[in-house]
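Colleague: with the sequence up front, the predicted model follows.
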Amino acid sequence: QTPIPLTAKLPVLPCYGGESIVRRLFEPLGYAIDLQQHPLDENFTDWGDSPYFTVKLQQTVTLQTLLSHLYVLIPVLDADKHYWIGDDEVEKLLRELIKEKTFTEIVGVDVSYRCLERAKDKLHWDRLPPMQQKRLQLLQGSLMYRDRRLEGYDAATLIEVIEHLDPPRLAAMQRVLFEFTRPQTIIITTPNREYNVKFESLSAGQFRHKDHRFEWTRQEFQDWANEVGKEYAYTVQFYSIGTVDPILGSPTQMGLFVI
């Protein structure tokens, strides 16, 4: 458990978000980063660069901390894989976040009390040490209304959330999240409708989930996100999640909002 100088070298790491997303993920955690991007073909340099990097990370940390960071963050970079996240994976992720002392408080919010109770059961929340229980909170709430309990945090994530809202209610959510809650960083993911034609089980025009109120194309999502960023003084960057089709894009699209 003693922090020591450690170096992790990843010889070939796919990173479709480019150098900037590597730095955004690891530099806030205190890592010195050295990156080298590989060409598509060393014999044909005019073909340009590939999405593959050699990444070297240096930091004085415990080995457990380093491995936890790699376990959680490498899948974010590897857009060549599409991770379908189920209850077991969510539980694992939360447990890893709890172990990471960088995150002083982790809050999950759901409008359904029953869902929160089910999440507590899966996490064995009642068996966690008191300090861990204090760091991990599960709150009943809604993004439709201002909630002062959610103010003052560094970051917020809405992972496959906005498509479950009726379009006329998006404006209320935007104000609650971007004006009142106003974390420094906001991550929003949502399905890319263009990619739906690759799912054989979906008929034309069908959404991926019966509770989805809409599904946006890449342009529709970017138009919405850029307008929101302009209104609330956030810069926005867009990333692909999942296997990227050269015409249709990726299954999921992500917007990274930063003050």
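Modeller: Sure thing, it's come through. Residues are numbered from 1 along each chain as shown.

Colleague: CA only for contacts and neighbour counts going forward, please
Modeller: OK.

Colleague: show me the strands in the stretch 51-200 of the chain, by range?
Modeller: Shown for the stretch 51-200 of the chain, the strands assigned by DSSP state E, counting those that start in this stretch span residues 106-110, 136-140, 155-159, 185-191.

Colleague: out of those, deepest packed?
Modeller: Stretch with highest mean neighbour count among the strands of the stretch 51-200 of the chain: strand 185-191 (a mean of 21; mean count of other C-alpha atoms under 10 Å).

Colleague: which residues does the helix or strand just after that strand contact?
Modeller: Downstream of strand 185-191, the next assigned helix or strand under DSSP states H and E is helix 218-232. Residues from elsewhere that reach helix 218-232 (C-alpha atoms under 8 Å, 6 or more residues apart in numbering): 174, 178-179, 192-194, 234-236, 238, 249, 253, 255, 257.

Colleague: for helix 218-232, which positions count as buried?
Modeller: For helix 218-232, a neighbour-count test (16 or more other C-alpha atoms under 10 Å) marks 218, 221-222, 225-226, 228-229 as buried.

Colleague: please enumerate the helices of the stretch 51-200 of the chain.
Modeller: 63-77, 87-99, 113-123, 130-135, 170-174 (DSSP state H, counting those that start in this stretch).

Colleague: grab the most central residue of this protein for me.
Modeller: residue 187 (5.7 Å; C-alpha atoms, centre = their mean).

Colleague: isn't that residue up against residue 161?
Modeller: No - using C-alpha atoms under 8 Å, residue 187 is not in contact with residue 161; the gap is 11.0 Å.

Colleague: residue 151: neighbour count?
Modeller: Residues near residue 151, counting by other C-alpha atoms under 10 Å, number 14.

Colleague: need the pLDDT of the residue nearest to it when sequence neighbours are not counted.
Modeller: Spatial nearest neighbour of residue 151, chain neighbours left out: residue 181 (4.5 Å); criterion: C-alpha to C-alpha, 6 or more residues apart in numbering. In this prediction, residue 181 carries a pLDDT score of 95.

Colleague: surely residue 181 and residue 155 touch.
Modeller: No - the pair residue 181 and residue 155 fails to qualify as a contact (C-alpha under 8 Å) at a distance of 9.8 Å.

Colleague: re earlier: as CSV, the contacts of helix 218-232 with neighbour count and distance to residue 142 would be great.
Modeller: Formatted as CSV, the contacts of helix 218-232 follow (neighbours: other C-alpha atoms under 10 Å; distance: C-alpha to C-alpha, whole Å):
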residue, neighbour count, distance to residue 142
174, 18, 12
178, 21, 14
179, 14, 15
192, 23, 24
193, 23, 26
194, 17, 29
234, 21, 22
235, 16, 25
236, 21, 24
238, 18, 26
249, 19, 31
253, 23, 23
255, 21, 21
257, 24, 20
